[in-house]
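> Prediction below, plus the sequence it came from.
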Amino acid sequence: METLARLEKRIQDRRGADPATSYVAKLFRAGRPKIAQKLGEEAVETVIAALGSDPDALTGEAADLMFHLIVLLSDCGVSLADVCAELDRREGVSGIVEKSSRPKE
Ligand SMILES: N=c1c2ncn([C@@H]3O[C@H](COP(=O)(O)OP(=O)(O)OP(=O)(O)O)[C@@H](O)[C@H]3O)c2ncn1[C@@H]1O[C@H](COP(=O)(O)O)[C@@H](O)[C@H]1O
């Protein structure tokens, strides 16, 4: 978790950097639809890697996925602390949350 918090801070710090030298700045400059698209691509690549037999490939794709997720959250003004608070809340009411948030059939 410390690693992710550090990465989140680094992403925020790099937001205003030169897009020519910073991938983070380039992503923010490209805008939310592009960031969301990249996240989708990384998700698909992660799924493909998970269905393969190379744990190192899956580790790399998972890292790409988490990085792009933090960039998207950051662009939307949602922090990792917000997400963790939601996960903590679910831990406290496990079972109840999923049922209550499920659309009625
Ligand atoms: N963790 C990451 C990280 N993970 C993945 N990536 C980049 O994500 C991209 C994903 O690969 P792709 O091949 O899909 O992307 P691409 O073809 O380069 O990009 P597009 O042309 O599609 O935009 C690669 O360019 C990776 O370098 C990352 N870029 C940056 N970081 C972290 O962000 C920090 C700041 O980075 P800069 O903003 O570049 O200084 C770094 O110190 C790292 O800690």
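That came through, no problem.
> what sits against residue 28?
Residue 28 sits next to 15, 35, 71, 75 when contact means Cβ atoms under 8 Å, 6 or more residues apart in numbering. All C-beta atoms are positioned from the backbone trio N, CA, C, and that covers glycine.
> Could you check which helix or strand contains it?
Element membership for residue 28, per DSSP states H and E: helix 23-30.
> got the CA coordinates for that helix in PDB?
Extracted in PDB, the C-alpha atoms of helix 23-30 (Å, rounded to 0.1, in the frame of the first residue of the first chain):
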ATOM      1  CA  TYR A  23       4.400   9.900 -19.700                       C
ATOM      2  CA  VAL A  24       2.200  11.000 -16.800                       C
ATOM      3  CA  ALA A  25       2.000  14.600 -18.100                       C
ATOM      4  CA  LYS A  26       1.400  13.200 -21.600                       C
ATOM      5  CA  LEU A  27      -1.600  11.200 -20.400                       C
ATOM      6  CA  PHE A  28      -3.100  14.100 -18.500                       C
ATOM      7  CA  ARG A  29      -2.700  16.300 -21.500                       C
ATOM      8  CA  ALA A  30      -4.400  13.700 -23.700                       C
END
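> Now that helix: average pLDDT?
Average pLDDT, helix 23-30: 98.
> That one and the ligand in contact?
Yes: using Cβ under 6 Å from any ligand atom, we find that helix 23-30 touches the ligand at 23-25.
> any idea which of these is the one closest to residue 55?
residue 23 (25.1 Å; Cβ to Cβ).
> is the longest helix along the chain up against the ligand anywhere?
Ranked by number of residues, the top helix in the chain under DSSP state H is helix 55-75. Yes: using Cβ under 6 Å from any ligand atom, helix 55-75 comes into contact with the ligand via 64, 67.
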